[in-house]
Every structure is written in C-alpha cells, then in structure tokens.
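Enquirer: build me a model from this:
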Amino acid sequence: MVMGNRLRYSLKNDLKKLKGKAIVNDAVASHTIAPEMLKVNVEPLAPKLLNNRKAHSDYLRHTQEQAAILREVVEQGKS
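Expert: Residues are numbered from 1 along each chain as shown. Below is the predicted model:
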C-alpha cells in the first residue's frame, strides 16, 4: 500500500513538472537499411581445407571483414 502511494505521488509530481511544457508526440522517422546490405557472404570451407591453418586464418579474416562491414552499416543506420 505504501508503494502505491509513493507511485501516485511520484506520478503527480511528474505531471506537475510537465504542465506548461510542450510535449512532442511526433515519432522519429527511422532510416531503412536495404536487406541486400545485411547479407553476409561467407562461404563454408571445403572439407580438405578444414585442417589447413592458412585457409582457416583466411576464412576468419574474411568473416571479420564481413562483420566490420555490417557494424559500419548499423552505425550508419543509427545516425
């Protein structure tokens, strides 16, 4: 019961603070990101290359580059 009274009191104070202030109800326009930009072009390794350290490191580097590109796209979308 005490918590309910505190909540009501808090809400009443918030309403008093908002009176006289302009409240904007406009929604912010979101930037759309083309689905083609989000496609990751990672090809699976051939079975004979699974134990090849160089092929594996190249595969990881390529995957990291793709992830970096996606991060840039997301950052551009946020701004």
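Enquirer: only C-alpha atoms from now on, for both contacts and neighbour counts.
Expert: OK.
Enquirer: okay, now residue 54: neighbour count?
Expert: Using other CA atoms under 10 Å, residue 54 has 11 other residues around it.
Enquirer: what about it, helix or strand, and which?
Expert: Using DSSP states H and E, residue 54 falls within helix 53-78.
Enquirer: which helices and strands does that helix pack with?
Expert: Other helices and strands packing on helix 53-78, by 3 or more CA pairs under 8 Å, 6 or more residues apart in numbering; DSSP states H and E, are helix 35-38.
Enquirer: lowest average confidence, helix or strand, in this structure?
Expert: Averaged element by element with mean pLDDT, DSSP states H and E, the chain has its least confident helix or strand at helix 35-38 (a mean of 67).
Enquirer: from residue 76, how far out is residue 60?
Expert: The gap separating residue 60 from residue 76 is 24 Å, by CA to CA, to the nearest Å.
Enquirer: again but with residue 15, I slipped
Expert: Shown here: residue 15 relative to residue 76, a distance of 36 Å by CA to CA.
Enquirer: swap in residue 17?
Expert: 36 Å.
Enquirer: then residue 59?
Expert: For residue 59, the distance to residue 76 equals 26 Å [CA to CA].
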